[in-house]
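1. Please work out how this folds:
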Amino acid sequence: MTHPLTPGTTVYLLEKDGELLGRMPLREVEMFAIHCDFEPTPAFEPYRALFDEDAAATDRLAEDDSPELMEQAETVLDCILALNLLIRREGGGVHRQAMIGIEGNQASFRPINIQEEPQ
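-> From the prediction side, this is the model:
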């Protein structure tokens with residue numbers, strides 16, 4: 001079976017409480033992650049600092065996996081998950097729970113429940 005997600009044509013929408021935070025045109029699909037470009041709307045700005053903090057924590061953990069840094073990274077991740085963001089594919093399925101990282105003009109996410117969006 002071919003995968004229906006096509007780089008260049010598949011677009012995900014990042015939403016919070018029905019408000020569009022950004023468009024995410026698909027770049028690449030891996031086994032555990034979906035990589036996209038990220039095109040924020042002005043509504044994303046209040047959340048940018050949180051995602052910048054998450055990206056910085058991820059970078060620090062690559063160099064130092066101390067329990068303190070791990071705890072800080074988990075706290076930031078919990079804050080992102082608490083936003084209850086919704087990732088919706090244009091013309092298709094929805095991910096109500098996903099781990100998402102946004103760094104600059106790129107986003108990656110991993111659905112927590114892969115059964116939400118039909119493959």
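2. Where is the longest strand in the protein?
-> strand 19-29 (DSSP state E).
3. which residue is nearest the centroid of the protein?
-> I100 (2.4 Å; CA atoms, centre = their mean).
4. looking at this, that residue is in a strand?
-> Yes - secondary structure of I100 (DSSP: H, G, I helix; E, B strand; the rest coil): part of a strand.
5. Surely it is in contact with L86, unless I've mixed up the numbering?
-> No - with contact defined as CB atoms under 8 Å, I100 does not reach L86; the gap is 10.6 Å. The way it works is simple: take the backbone N, C-alpha and C, and place the C-beta from them, glycine included.
6. helix or strand right after the longest strand of the chain?
-> strand 34-37 (DSSP states H and E).
7. For that next one, which helices and strands make contact with it?
-> Strand 34-37 sits against strand 19-29, strand 106-111, with contacts defined as 3 or more CB pairs under 8 Å, 6 or more residues apart in numbering; DSSP states H and E.
8. Please enumerate the strands of this structure.
-> 11-16, 19-29, 34-37, 39-40, 86-89, 94-95, 98-103, 106-111.
9. List the neighbouring strands of the fifth one plus their orientation.
-> Applying DSSP bridges to the sheet, strand 86-89 is found paired with strand 11-16 (antiparallel), strand 94-95 (antiparallel).
10. now the last one
-> Partner strands and pairing direction for strand 106-111 (DSSP bridges) are strand 34-37 (antiparallel), strand 98-103 (antiparallel).
11. which residues are contacting the first one?
-> Under the criterion CB atoms under 8 Å, 6 or more residues apart in numbering, residues 5, 12, 24-29, 105-111 lie in contact with strand 34-37.
12. Perfect, I'm done here.
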